[in-house]
Structure formats: C-alpha cells, structure tokens
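Peer 1: Fold the following, please.
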Amino acid sequence: MKKEAPLYDENGHWVQERSRIKGAIRRSFRLSPQMKEVLKAARVELPPALKKDGTPGKKPQVRYRCAICEELFSQKNVNVDHIVPVVPLYIKESEMTYDELVRGVFCSKDNLQVVCSTPIKRNNGEHSCHKKKSDEENFIRREYSKIIEAGNPFVSEKMMPQLKEEYKTYLKTREAEIEAKAKRKIERELKRKAKLKK
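Peer 2: Sure, this is the predicted structure:
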C-alpha cells in the first residue's frame, strides 16, 4: 500500500500552501490589464488562410511577434515573460514574502515581453526563446546557490555579468559534447553496417 504524503509540516502548516498560493497569484495575473496590453502590442494580423477550394477565409490569421527572435507565432506558442524575473536570481523564492511575490508578478508592463515557447518537438529540434532564457536564469540560480553553499554569504546582483559569461562558456562546452556524442553515434552505426556487409 502506497504511503500517503503528510498534509502538514512540523509546524502544523499545510505542506502545499505556498505552491498553491503562488499558482493562484500567477493565474490571477493572466486576467491583468498589463498582460492583455502586452499581448495586444505584439499582435499581428495576417491575411486570411486559404480554404481547400483556394478561396480566402473570412477571418485574418492572428500571430504574435516574439520580442527576442522577432518571428511570428500563434498564441498557444507564446508566453508573456517577465524580463527581470519575479524572483531575483541571487535569492531563493522561499525567502520572499507573499507581498513581494505579488508585486513581482504584477509588475509594470515595461518589464513584460511576449516570447515564443514552441515545444522542441514542434520546433525542428530547436529550443524556444522562452526555454533559452529560462535555462540561462536557472544556470545562474544554481551558481549563486553553489557560492552560498561554499560559505560566501556576500551574494549580489553585481556578480551577474560574470555568471552570464560563465553560462556562455557552459553552452559552448555542452554543444561540443553533444556534437561529439552525435559523431560517435554515427561512427558506431557505420561500423555496425560495415560488419553486416562482411
């Protein structure tokens, strides 16, 4: 029989409380005028799609321009992104109050942008701009955590440029490893085919 997860922590607080409240804050943000205005500003109307008989449809095609790559995408493949993250990269989300989270999510529209978020499977194997931005932010968060764990409490935003450069180096190393792995796979396949021919 599967053991049920506890509902409360050692202090008697609901275990899921914070994550549920965070989810509710972000869902509420989808109804905000800031989000609607940013989407509207990125909206592009294209000529109606052609029907099967070759005649144009009645409604224009609606697309949204990504603020990073500037390509056009359907609404299901874009996200409204916080340019400066809701949770600063150099602190933990658990250290923020609910009020700070609310203020971070419901920021001014100047800190919002529409970015593409097409899944890699439907994007010719390429990561979307939203994924690339999130990957960089997560890398920097991890590096900040390592610095704190190493006993250096003096973590600040001033370290950001250095960590961004480290991320670029990390990406190059990772790409080289992926290319080398793909090359080894091709070589193994060629050797296997050569053996079968003998």
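Peer 1: When you work out contacts or count neighbours from here on, use the C-alpha atoms and nothing else.
Peer 2: Fine.
Peer 1: Go over the secondary structure and confirm V155 is in a strand.
Peer 2: No. V155: not assigned to a strand; according to DSSP: H, G, I helix; E, B strand; the rest coil it is coil.
Peer 1: for the residue nearest to it when sequence neighbours are not counted, what are its contacts?
Peer 2: Nearest in space to V155, with sequence neighbours left out and distances taken as C-alpha to C-alpha, 6 or more residues apart in numbering, is Y90 at 6.6 Å. Contact analysis of Y90 by C-alpha atoms under 8 Å, 6 or more residues apart in numbering lists I140, R141, Y144, S145, V155, S156, E157.
Peer 1: Filter those residues down to the buried ones, ChimeraX style.
Peer 2: The ChimeraX command for the buried members of the contacts of Y90 (criterion: 16 or more other C-alpha atoms under 10 Å) is given here:
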select :140,141,144,145
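Peer 1: from the contacts of Y90, which two are the most distant?
Peer 2: Greatest spatial distance among these (C-alpha to C-alpha): S145 and E157, at 13.3 Å.
Peer 1: just the helices in this structure please.
Peer 2: Remark: helices assigned in the chain by DSSP state H are 17-29, 33-42, 98-105, 129-149, 160-197.
Peer 1: ok, Q34 touching S108?
Peer 2: Yes. With contact defined as C-alpha atoms under 8 Å, Q34 counts as touching S108 (6.8 Å).
Peer 1: who has more neighbours, the two?
Peer 2: Q34 (19 against 12; other C-alpha atoms under 10 Å).
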